[in-house]
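# how would this look folded up:
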Amino acid sequence: MINFQRILKGTVVAAVLLGTAVSASAANIAIVGGKADDPFFAIVKRGIDDAAKLVQARGGTVNYLALQTYDNIGPDAAQLIRTAVSQGVDGIAAPNWVPDAQDEAYKAAKAAGIPILLYNSGGTDKSKELGSINYIGTEDLVAGQAAGKYLAEHKAKNVLCVNTVPGAANLEARCKGIIDEVTKAGSKATQLPLPATSFGDKTAVSEAIKATLMKDDAIDAVVTMGNQDADSAAIAIQQANAVERVKLGSFNTDKAMLDRIKTGTQMFAVDQQGYLQGYLSVFMLASYVDYAMESPTVPILTGPAIVDSSNVEATLKGVEAGVR
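Purely as a prediction, here's the structure:
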């Protein structure tokens, strides 16, 4: 595992020693991201904060613009991009959750001469279309396909993909990938779309999943889109008395999820390594602004990585370090 803390400390020390030669460049960049209480984006923010120290060491700034809710995710994210443009920043990195609502805001940034970078959501094709310097994250359809293949290989016959932010392009793509692969294997998979207002409401999500499991006892696998929803699904499966028949999988990782994998009450997780998304987005955008540095690798993929009983112990070490 890469020791980012060691790299960070060494780079900051080097920046201080170089003095004015380094501080002559001063990128002022904005990073649009998820809610402060979203467990996944807490890890992304850790990566952003660590990389921000490098930017600050040479006189620049990093401003994190967070969504307040996910109820109106596309228009709200677009407004944050426009806010960054109005602030006259030197670069903007943001997920492209809802292209129809956000694309015009990206185009406005480009028209203002501000470089953009897509991360977390959007993918390579959309990045190229909008003129982004790169895309950092996972290709969500590919991530969904990886989960679907894993389920098919482990004999899941009726899969429920729970989506608590319907309309978000990345989550829709994940469910599509799951459904495509499970169906290709000759089994059944469907999406359970829940109101975006239920995101973060463990009781509402748990009750909805439990009701679905009790209504259809043929469902033998549930996949959720993130940490909190995985907790809700685990409760729902238990309350529906379906622990023996229903396999649980989820995207992202945290200690609770990994502990369930370790004890056998969750089968797998699909990790997109949010720390790397945050860290690399800041580092690459600031490096582009300051020094015109670009990566020849497009996109820069941070996943998908399947975590199950075979590698859960090593992944837990990353959680303890605050980077997974």
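
# so where's this structure shaky on pLDDT?
Flagging of the chain using pLDDT under 70 yields the residue ranges 1-25.

# After the strand or helix carrying Ile136, which helix or strand is next?
Assessed by DSSP states H and E, Ile136 sits inside strand 135-137. Using DSSP H and E, the helix or strand that follows strand 135-137 towards the C-terminus is helix 140-153.

# Whichever helix or strand comes after that next one versus helix 140-153: what angle between them?
Note on helix 140-153: by DSSP H and E, the next helix or strand toward the C-terminus is strand 158-163. Taking axes from the mean of the first three to the mean of the last three Cα atoms, to 10 degrees, one finds strand 158-163 and helix 140-153 inclined to each other by 150 degrees.

# which SS class is Ala26?
Reducing the assignment at Ala26 to three states with DSSP: H, G, I helix; E, B strand; the rest coil gives coil.

# before we move on, back to that, pairing partners for the strand holding Ile136, with directions?
Neighbouring strands of strand 135-137 in its sheet, by DSSP bridges, are strand 116-119 (parallel), strand 300-301 (parallel).

# Pull the distance from it to the chain's centre.
10 Å (Cα atoms, centre = their mean, to the nearest Å).

# now swap in stretch 53-60 and tell me
When C-alpha coordinates are averaged (Cα atoms, centre = their mean), stretch 53-60 and its chain have centres 25 Å apart.

# hey, C-alpha coordinates of that stretch in CSV?
As requested, the backbone C-alpha atoms of stretch 53-60 are provided in CSV (Å, rounded to 0.1, in the frame of the first residue of the first chain):
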residue,chain,number,x,y,z
LYS,A,53,-1.6,20.7,2.2
LEU,A,54,0.6,20.5,-0.9
VAL,A,55,-1.3,23.2,-2.7
GLN,A,56,-1.2,25.5,0.4
ALA,A,57,2.5,24.9,0.8
ARG,A,58,3.1,26.7,-2.4
GLY,A,59,0.6,29.5,-1.7
GLY,A,60,-2.6,28.2,-3.2
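
# which residues of the chain fall in strands?
28-33, 61-66, 91-94, 116-119, 135-137, 158-163, 188-193, 221-224, 247-251, 268-271, 300-301, 305-307 (DSSP state E).
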